[in-house]
Structure formats: C-alpha cells, structure tokens
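Asks: make a model of this:
(4 chains)
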There are 2 protein chains.
Amino acid sequence: MKRRRGEIPLLMAMAYRIMIDDLHAQIEAEGGDPLRPAHGYTFKFLLDRDDATTVDLADHLGITKQAASKIVEELEQWGYVTRRPHPTDRRARALGLTPKGQEYVERANELRGRTEDRWAALIGPDRLDQIYEDLCALVDSAGGRTPPRPVW
Amino acid sequence: MKRRRGEIPLLMAMAYRIMIDDLHAQIEAEGGDPLRPAHGYTFKFLLDRDDATTVDLADHLGITKQAASKIVEELEQWGYVTRRPHPTDRRARALGLTPKGQEYVERANELRGRTEDRWAALIGPDRLDQIYEDLCALVDSAGGRTPPRPVW
DNA sequence: ACTTTATCGTCAGATTGATTGACTATTTTA
DNA sequence: TAAAATAGTCAATCAATCTGACGATAAAGT
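Replies: Take a look at the predicted model:
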C-alpha cells in the first residue's frame, strides 16, 4: 500500500471527520442539550482562566464579542456557565463554569477516550503513541498555538 | 512525552486545522476565486463521474439540491464547471469540469503535496508512511465511505 | 483633577450558507 | 395511459455569524 504525495491532508480530513462523527454519535445517544463545537472550546477556556470576560472568550475563539455573547447567553440559560459581576471592572461580567459545566467536560473527556480506544484497538497502542508524538511535532511546529474552533 | 487518554481526537482536530490553514494560506497567496470547501469536493466528484446531475452532487455532498444548485451556479459563473443538456433525461443538466476546473484540481494536488512535505520534513518520510497506513486503517474501519465536506 | 480615549457589553441590522416547502417539466412505474 | 416519482427552480426562513452604533465604565494624557 504505497501512498501518493498529497494524500495525507485528505486522509487527515477524513480521519478527523470519522472521529468527530463518532463523538457526535455518542453525545446524541445520551441526549442532553444540543451543545455545539464552540461550546466545548468555551468550557476548555473557562477551565483554565478565572474571571474571564466575554471579550476574553471572543478573542480566544477568534470571533466577535457579539457572537461570543450569544454563546455565553445560551450556555447560561442551559446552566453550564455563570455570569457574575467582575471583581475589579464594573463594566464586565466574570464568566465561570457551573458544576454541570464541569461534569460535561469530564464526560466529554471520557467520550474522547472511547473514540481513541477504538482507534487503538485497530492499530495497536504503540502506533498510537507514535502518532501522538508526530501530531505533537506538527502542532509544535505551528507555534503550539492552534486556533480553537476547528469548525465541527 | 506520555500521552493521556483522549488527547488524540483533540490533537487530530488541531493537526487538521493546521493543515487546512496551511492550504488556505497557499491558495490565498496566489489569488484566484474565493473557492470554498464544498467546491473542492465538487471537483473531485465531477472528476470521477460523467454526466452527473445536480441532484447526484447533492446526494454525494449530503446537502439539499437547492444548496448544490447554488454551488454549481457559482462555479459555472467562475468558469470551473459546465451545465449542458443531459444526454438521456430532458429534465436534468449534465455537469462537467472545464479545463480551468481541471487545472484547479491539479493545482490543489500540488498544494496538498507541499503541505504534506512540510510534515514529512518534520518527522521523516518513514513515519509519514506509517501514519498513512494507520489513517487508512481508521478510514477503512468506517466502511471506507467518509462523508465529504469535512466542514472546513 | 479632568478631559480624552479605549474597552465591556448590548441593541439593531445585514450577510451567508444552509434549510423546508411549493411548483413546473419531465420521466418512470403500475 | 394514468399515477407516482424525480430534476431543477423560486421563495421564504433559519442559524451563526458579521458590522456599526451606543451607554457605561475605566485607563491614559495633560
């Protein structure tokens, strides 16, 4: 099975799709709110930063503050995030994850683990270790910073 | 550098983004029409099939015929595809790639090749061969069919 | 201090890519 | 040959974004 030059990016796209479809299938299977891609990245962001504002989130996600505001509004209504007065800036609102939001993050980690396990079962854990290294090399070469919101 | 369970899907998403950003950068750098993701998959589809209709394309892309129709309209205006009377069905229009469309496909192949080369330079061609195999294994496990339009 | 400028968040409107629904002209099926 | 299905279009709608404008507060300049 010889590879032709230029096939990797396409395979990557396919593999990516397979994995996120797998994740989506799992999420849908257990019901819950119709959380969308950006929401996951929002959670991840709020885990790291404390007293982050909507504008911080917008910058991080690479979207406008209006779009970020809408996302936050939804997530607040569904009980995943809170908006409380900002401790030092009376214009701003400090965002935070509710327990429900934190549970979701853990749950998502578990689901990602399962998706990964399926691939590991296919090619073996050693190969997956290698791929991990190689993917890290690629990501590092891009300055470590990858824009969030891979659009899924 | 030990990997934690569940990191692979995220890394995959990042790697995917890095590659398509790289491709986008190349495409933008040389100007041309603002071709969007679905367009590439349209070309790929039209290369394989002859006398394909708009509905065929819609089925392939997994979108409505109206959406497909709009895409085709654009591509026709920009001179990438043609719509001619269908040889056997007078309701339908047979789609085809113009020379310009074929050139684009070749150009895109070259750009994908360059993106791939960059990764190869980073981890070595042998590792890339392995990754190729492993990605193929993943794709095959999904029935070989991966939905087009990875949403980029 | 006080004025100017920048920033946080919201409101309103426009844009884009897609959707559903309805309709005509054909083709296929029964 | 009548009934059902299909190719393509038009129109309206939706969802997720964007741009632009605004009041309130904060930070910077003089």
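Asks: quick check: pLDDT value at residue A:138.
Replies: Among the per-residue scores, residue A:138 shows a pLDDT of 95.
Asks: which SS state does residue A:89 fall under?
Replies: Using DSSP: H, G, I helix; E, B strand; the rest coil as the criterion, the local structure at residue A:89 reads coil.
Asks: quick one: contacts for the closest residue to it other than its chain neighbours?
Replies: Using CB to CB, 6 or more residues apart in numbering or on different chains and skipping the chain neighbours, the partner closest in space to residue A:89 is residue A:53 (7.6 Å). To be clear about C-beta, it is placed using only N, CA and C from the backbone, and glycine gets the same treatment. Each residue near residue A:53 by CB atoms under 8 Å, 6 or more residues apart in numbering or on different chains is listed here: A:86, A:89, A:92-95.
Asks: tell me which two in those residues are the farthest apart.
Replies: Farthest-apart pair in the contacts of residue A:53 is A:89 and A:95; separation 12.8 Å (CB to CB).
Asks: those two: who's more crowded?
Replies: Legend: neighbour count by other CB atoms under 10 Å in any protein chain shown for residue A:89 and residue A:95, higher for residue A:95 (25 against 11).
Asks: show me what from chain A comes close to DNA strand C.
Replies: For chain A, the residues found near DNA strand C under the criterion CB under 7 Å from any atom of the strand are A:53-56, A:65-66, A:69, A:72-73, A:86, A:89, A:91-93.
Asks: is the helix or strand of chain A with the lowest mean pLDDT positioned near DNA strand D?
Replies: Taking mean pLDDT, DSSP states H and E as the measure, the helix or strand of chain A with the lowest value is helix A:7-29, at a mean of 87. No - among the residues of helix A:7-29, none lie within reach of DNA strand D under CB under 7 Å from any atom of the strand; the closest is 14.0 Å away.
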